[in-house]
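>>> got a structure for you, letters missing:
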């Protein structure tokens, strides 16, 4: 029996929360998987220099691509609020405006950053010329230039991730991601495994997949006029654009600062360990891509019903979504921690070409880093919750403190105490402090937005379920 479509106006049980967010979670997981496949082919068919080079420049590429997440999340929250207020026509015009501006910004930043890649990679080489190789820097430069040339595709892919949730068609978004991912992985095998094109092949494969995940959704929203929202004539509104930027500032800050932290981590690793440290962190990044994708997919999806219920002034449903989300985050974080401990060995061997020294380093790093999964979901969700409430300032503050204040600060501080282990543990300390800050903000703003926050939601829902059974 076919299940009914879930609407933004529905009451969300645990089952509906999972069903509504699952396509977006799968979309993010699948995106992560084909980055992992990229890494597998580069590390096993191209070599450690190329693998390290790609992981060195990748945060720079993500820094530029995060423009799409900013417009998507910020615009999505505003559009959802307008739908909740019953302003459907205005929501469509706002959607069209934001879409066209996002693409234009993507083209501009692509041109600017293309000419900066040489300077950036030369800067990496200057940090520690003893522990970096010319081949590593050359690979970083080549991969970076090709990816930046097509970065507008990456930006539009990130933008549409949030929009499908607003349109109540997350499953359609997953299909586009699935198709793009299959093409990416097939071309990885063909261009890297067969034709030995190394990082050039990896970049071409990635951009080819992004062609499907960016152009496909654009055509979908142009020709499907029966959608909740569709592309048409834009509404020229500076206030809508400003609100989009403030709403999305948290995702922008989170992505920019998160990738800046990765750059600093790479610099610290080059300083403390050298190329092997960059490779080890590259392995951790692939695993964390996979795990964080679950939290990101959930948080991005759930911002739409939060925005809708805020616009509709349904405080009871805001309370329901908030506390049920905390229960799911608690459970998923624990599962991630356990799996990360158990899978550290297999993942390390997958990307290290059976180098005993690298395997030992990667396993220890992954197991220390895995503690952060117990805490990280709370701040990701909290930031997205305030984005849905159209409070870009608090959302951005959570993201800013989580990354630029806590993560960046601890990356420099903790290694002074614990040495190399401190590099991996710095993220754990940052996530604990971020969780405490996020819960504090949620508690402080409960009266303003009319929701209630339960400090032990899991216990509450167990008791509630037991009470219903007795009735």
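Looks like it came in fine. These numbers come from a predicted model, not from an experiment.

>>> So what's the predicted local confidence for the most centrally placed residue in the chain?
With distances taken as CA atoms, centre = their mean, residue 296 lies nearest the centre of the chain, 5.2 Å away. If you check residue 296, the pLDDT there is 88.

>>> where's it relative to residue 69, distance?
Distance from residue 296 to residue 69, counting by CB to CB, to the nearest Å: 9 Å. In short, each C-beta sits where N, CA and C put it, glycine included.

>>> Please, which helix or strand holds the residue nearest to the centre of the chain?
Residue 296 is located in helix 275-311, with elements delineated by DSSP states H and E.

>>> Kindly report the same for residue 183.
helix 170-187.

>>> With residue 266 instead?
Going by DSSP H and E, residue 266 is part of helix 238-272.

>>> Give me the buried stretch members for that helix, please.
Residues of helix 238-272 classed as buried: 240-241, 243-270 (neighbour count, 16 or more other CB atoms under 10 Å).

>>> ok, back up a step: now the angle between helix 275-311 and the helix holding residue 183, please.
Here the directions of helix 170-187 and helix 275-311 differ by 160 degrees (axes from the mean of the first three to the mean of the last three CA atoms, to 10 degrees).

>>> now helix 170-187, how far from the chain's geometric center?
Offset of helix 170-187 from its chain centre (CA atoms, centre = their mean, to the nearest Å): 17 Å.

>>> contacting residues for residue 381?
Contact partners of residue 381, counting by CB atoms under 8 Å, 6 or more residues apart in numbering, are 295, 298, 299, 302, 325, 326, 329.

>>> which residue sits closest to it, ignoring its sequence neighbours?
Distances taken as CB to CB, 6 or more residues apart in numbering place residue 299 nearest to residue 381, at 5.0 Å, with adjacent residues excluded.

>>> tell me the contacts of that neighbour?
Counting by CB under 8 Å, 6+ apart, the residues that residue 299 touches are 380, 381, 383, 384.

>>> Show me the residues you listed that map onto helices.
By the criterion of DSSP state H, membership of the contacts of residue 299 in helices covers 380, 381, 383, 384.

>>> Most neighbours among the residues you listed, which one?
residue 384 (30 neighbours; other CB atoms under 10 Å).

>>> That one against residue 304, yeah?
No - counting by CB atoms under 8 Å, residue 384 does not reach residue 304; the two are 10.0 Å apart.

>>> what residue ranges in this structure are flagged as low confidence?
1-3, 127-132, 250, 353, 455-456, 460-461, 463-471 (pLDDT under 70).

>>> Recalculate using a threshold of 50.
1 (pLDDT under 50).

>>> From residue 33, how far out is residue 314?
36 Å.

>>> how many neighbours does residue 369 have?
23.

>>> Now for the closest residue to it other than its chain neighbours: which residues touch it?
Nearest residue to residue 369 in three dimensions, chain neighbours excluded: residue 424, at 4.6 Å (CB to CB, 6+ apart). Contacts of residue 424 were listed using CB under 8 Å, 6+ apart, and they are 284, 364, 365, 368, 369.
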